[in-house]
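J.: fold the following, please.
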Amino acid sequence: MNPRHGPPPRRARRGSAGPPRGSSRPAASATRDEHPPDLRLAGFAVALWLAALASLYLSARSGLILGGGALAAATGAALTDRLPGVHALARRGPLSRATPSRATLSRAGSSWLGRAASAGRWAAVRWLVAAALLGAGCGALATAARVSVRDAGPLVALVHAGATVRADLVVRDDPRALRGSPGLPPTYLVAVELTAVHPQDGPDLRLSVRALVLGSGPEWRSLLPGQRASVTGRLAPPRGGDLRAAVLSVKDPPRLHGQPSWAQRAAGDLRDGLQRACAPLPDDVGGLLPGLVVGDTSRLDEALEEDFRATGMTHLNAVSGANVAIILGVVVFAVRWTRAGPLLTAVLCAVALVGFVILARPSPSVVRAAAMGAIGLVGLAAGRPRAALPALAAGVAVLIVVDPELAGDVGFALSVLATGGLLLLAPKWRDALRRRGWPLPAAEALAVPAAAQVACGPVVAGVSGSVSLVAVPANLLVVPAIAPATLFGVSAAVLSPVWSSGAEFAAWWGQWPARWLVLVATYGARVPAGTLPWPGGVLGAVLLAAVTVALLVAVRRPLVRRLVAVVSLGAMLGTLPVRLVAAGWPPPRWLIVACAVGQGDAVVLPAGAGRAVVVDAGPEPTPVDHCLRRLGVRQVVLFVVSHFHVDHIGGIAGVFRHRTVLGVITPDWPEPPGGRAVVAAQAAGARVPMAAVGPGWSYTVAGLALTVLGPCEPLHGTNSDPNNNSLVLRVRVDGRTLLLPGDAETEEQYELLNHLGPAAVRADVLKVAHHGSAYQAPEFVDAVDPAVALVSVGAGNVYGHPSLPLLGRLSRGGARVLRTDQGGDLAAISTPSGLAVVARGDPPS
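T.: Numbering: from 1, shown residues only. All right, here's what the predicted structure looks like:
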């Protein structure tokens, strides 16, 4: 040993990662930064993604310019010479030719090392910038090439002309049913690849571009991906921002040619078998289980689907990386139990992955989920978990280059973000909980859904315009049930072609974890103030992302972490009671609430604590359901249908959702028959009595008196017979008179004045007839002479409602006029000083 230099340092033993003896620092803390995330490909992938997304909204020429400029800049960054000082230093070396002293040598060496380190950092930044620019160039050029095909001249001319053509196509994905008018066949939205277009005038076009087909009829529902067909329809421009070249509206059924591939047929047989196995189960569970397994939501109850959306659990009803992870997890567990190596495990997982893709159908969404799930196999095969992050970046880049449309796909963004959150955030949060004494299962159960929710939160907020407060607890509660429900469902599907009884037995077992999911979604959706409003669109997503990143960075410091915890707890304790108890909605002594349901009518009248009379239901179930939830209505003592148009009865399922309905009354006028059939079916399904009533019928409950004034007699040959045979209701509540004329137009209004006289229609509050249309009798409006006029109307509707001259006439008569498209839910209230009106301020977008 040289005494001048002291003892040599002791070499650390392999595997020794703990702190020095006697240190009080925990071992986990000492090693938590030993292997930082490998993010070298992240800049390349993110830049490629953003450039592809931008290029979808640009012309092919602009995309080429963007891509060429990015590649040129990348080349320049890669070839940039070193910093002048460092380059000169490297040329002459750190030592002069003269023999230096020891002190001079020490100073020169330190200076050279510092400048060399600076040069190394600059080189790293230079290559990161070059990689990002290279990614942007690749993304822009790949997208521009596809955009040039989309915008080919002959097809664009036919689209803008609205030409009627015969088209040959290949189905790309499962047909998706759209909500239509009651009594009419559903309309299906089908993603297709156009292979030929035959216009009525002009040459045939041979091409390969994407399009959407709108078709009605049961024949569309049975189409499988890969099926070739011919259709005749009218072309229309697409919405933009994707690779679809046209929208084709078709009236006739498709003419099929040949059969889909064997994989698609096998998948169809397995999916049909799963539906048959689930048929004996209760409706909610029987519709949910196929959605959990293969994303088949064709039998999923609308009410349950809305509950899943309110609790942030909709991802469970679509094939995602979570489904893939469950299947691969079972395979890994079984293979590792046999002590197989990483390579064999990865191979068997790949086989299982291919089998699951066949089961769920290899549509674009399923292939995307499989790609996200396969990323973990890369790290598994390499025996290095850190390889998963570069694999994620590489997978994103490859998928977007192959299909640039994924850059604008919300499902793709959620898949990537959820996978990234599980790789980057969940392990650190799990380890942090372990250091605080949490057992491993509990730490993982909390860290995984929290990481996925935080990662996906900005995109969800941007799309929905809200932030769910119950999403993390709800997803945490359902974690134990997801895997068994999925595995039993997969077993039922696999057994269905060969053993139907065994498939039904597996589905019977799968219903029990599925029931837990239904229970959590149902009660989670009923939590008051379960969602907070948030700005929608790109601005809202960026805002929440910035807030999330700031909090994640800030809470790394113990003092800031404690402050955030205290402030969050105080905000929760301070604001939730305000939202839950004294939110001001419904306001005290409310007489009537006009619900913001879009272009339609839904009116609520108080009938005691948690009880109400509901008049009409709007066009969709969700808005009226939310309105009744906000009012705390648990029992509908009477549901009144003014007439059977879809904008008044389309949302009837929302009125019945999670509520007891005691009775339904309708007008005698039976048209349109499809609307009447919808109301009758809903009432019969809930075993609720339904009756048609006429003028003079009355009903009294809890201080509310309702009387039917009209129609005085059936009216025929009017501008709209269903409108002019609407039930006209006079309501007395808390000493005030309300008039609800449905969609009564000029003819019925004059009929009321002639038969009953002006005094019969005098009211303090008027629900303006027919969404404020111009078809109003001036004498009728003057006779009502309301102090408050509520207009239920949808923003930007195509009918021109409400009529500005009508609103002016009401205002000049002394009425305070409010509109649901501007004020959201509207309530008229009785105060000691007279009538008042409160607008909740959340009109639907």
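J.: for the record, mean pLDDT for stretch 259-276?
T.: Stretch 259-276 shows a mean pLDDT of 85.
J.: give me the contacts around that stretch.
T.: Applying CB atoms under 8 Å, 6 or more residues apart in numbering, the set of residues contacting stretch 259-276 from outside is 171, 224-227, 289-290, 293-294, 296, 298-299, 358-362, 489, 492-497, 500, 503, 507. (Glycine included, C-beta is placed from N, CA and C.)
J.: okay, stretch 669-686 in PDB with CA atoms only?
T.: Below are the C-alpha coordinates for stretch 669-686, written out as PDB (Å, rounded to 0.1, in the frame of the first residue of the first chain):
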ATOM      1  CA  TRP A 669    -103.900  11.300 -30.900                       C
ATOM      2  CA  PRO A 670    -101.900   8.200 -31.900                       C
ATOM      3  CA  GLU A 671     -99.500   9.700 -34.300                       C
ATOM      4  CA  PRO A 672     -96.700   9.200 -35.100                       C
ATOM      5  CA  PRO A 673     -97.200   5.500 -34.400                       C
ATOM      6  CA  GLY A 674     -93.500   4.800 -33.900                       C
ATOM      7  CA  GLY A 675     -93.400   7.200 -31.000                       C
ATOM      8  CA  ARG A 676     -96.400   5.800 -29.300                       C
ATOM      9  CA  ALA A 677     -95.000   2.300 -29.600                       C
ATOM     10  CA  VAL A 678     -91.800   3.400 -27.900                       C
ATOM     11  CA  VAL A 679     -93.700   4.900 -25.000                       C
ATOM     12  CA  ALA A 680     -96.000   1.800 -24.700                       C
ATOM     13  CA  ALA A 681     -93.000  -0.500 -24.800                       C
ATOM     14  CA  GLN A 682     -91.200   1.400 -22.000                       C
ATOM     15  CA  ALA A 683     -94.300   1.500 -19.800                       C
ATOM     16  CA  ALA A 684     -95.000  -2.200 -20.400                       C
ATOM     17  CA  GLY A 685     -91.400  -3.200 -19.700                       C
ATOM     18  CA  ALA A 686     -91.600  -1.400 -16.300                       C
END
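J.: what about that stretch, distance to the chain center?
T.: Centroid separation for stretch 669-686 versus its chain: 31 Å, with CA atoms, centre = their mean, to the nearest Å.
J.: mind listing what's buried in that stretch?
T.: W669, P672, G675, R676, V678, V679, Q682, A683 (16 or more other CB atoms under 10 Å).
J.: for R687, see how far away the closest residue to the third one other than its chain neighbours is.
T.: In space, and not counting its chain neighbours, G675 is closest to F644: 3.1 Å by CB to CB, 6 or more residues apart in numbering. In this structure, F644 and R687 are 21 Å apart, going by CB to CB, to the nearest Å.
J.: quick one: which of the two has more around it?
T.: Taking neighbours as other CB atoms under 10 Å, F644 and R687 compare with F644 leading, 25 against 7.
J.: where does that one land in three-state SS?
T.: Following DSSP: H, G, I helix; E, B strand; the rest coil, the label given to F644 is coil.
J.: give the contact list for it.
T.: Contacts of F644 by CB under 8 Å, 6+ apart are T666, W669, P670, E671, P672, P673, G674, G675, R676, V678, V679, P722.
J.: which stretches of the stretch 451-600 of the chain form helices?
T.: 471-495, 500-525, 537-554, 558-580 (DSSP state H, counting those that start in this stretch).
J.: confidence score at V398?
T.: Reported pLDDT for V398: 89.
J.: same question, L423
T.: pLDDT for L423: 79.
J.: equivalent analysis for S501, please.
T.: The model's pLDDT for S501 equals 92.
J.: burial count for it?
T.: For S501, using other CB under 10 Å, the count is 9.
J.: how much space between it and P280?
T.: In terms of CB to CB, S501 sits 11 Å off from P280.
J.: could you do V472 as well?
T.: 34 Å.
J.: so which of the two has more stuff around it?
T.: Shown here are V472 and P280; by other CB under 10 Å, V472 has more neighbours (17 against 11).
J.: what's the closest non-adjacent residue to that one?
T.: Among residues not flanking V472 along the chain, Q453 sits closest, at 5.0 Å (CB to CB, 6+ apart).
J.: may I ask which helix or strand encompasses V838?
T.: Assigned by DSSP states H and E, V838 falls within strand 834-839.
J.: adjacent strands (with direction) for that strand?
T.: strand 826-831 (antiparallel) (DSSP bridges).
J.: now do the strand it pairs with: everything it contacts.
T.: So strand 826-831 is contacted by 585-594, 596, 734-736, 738, 765, 788, 790, 818-820, 835-840 (CB under 8 Å, 6+ apart).
J.: out of these, which end up buried?
T.: 585-587, 590-594, 596, 736, 738, 765, 788, 790, 818-820, 835-840.
J.: can you flag which of those belong to strands?
T.: 590-594, 736, 738, 765, 788, 790, 818-819, 835-839 (DSSP state E).
J.: among the contacts of F644, which are in helices?
T.: If you go by DSSP state H, the contacts of F644 have P673, G674, G675, R676, V678, V679 in helices.
J.: make CSV out of those and add pLDDT and distance to G135.
T.: Shown next, in CSV, are these (pLDDT from 0 to 100; distance: CB to CB, whole Å):
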residue, pLDDT, distance to G135
P673, 87, 59
G674, 87, 53
G675, 89, 54
R676, 91, 59
V678, 91, 52
V679, 94, 56
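J.: V613: which of those residues is nearest?
T.: Distances from V613 to those, taken as CB to CB, are shortest for V679 (16.1 Å).
J.: my guess is P667 contacts P714. True?
T.: No: using CB atoms under 8 Å, P667 is not in contact with P714, being 9.5 Å away.
J.: who touches both of these two?
T.: N725.
J.: give me the more crowded residue out of those two.
T.: Set P667 next to P714 and count neighbours by other CB under 10 Å: P667 wins out with 25 against 12.
J.: so what sits opposite the more buried one in the bridge?
T.: V693.
J.: quick one: the helices in the stretch 151-300 of the chain?
T.: Using DSSP H, counting those that start in this stretch, helices in the stretch 151-300 of the chain cover 153-161, 218-221, 262-278, 283-294.
J.: that'll do, ta.
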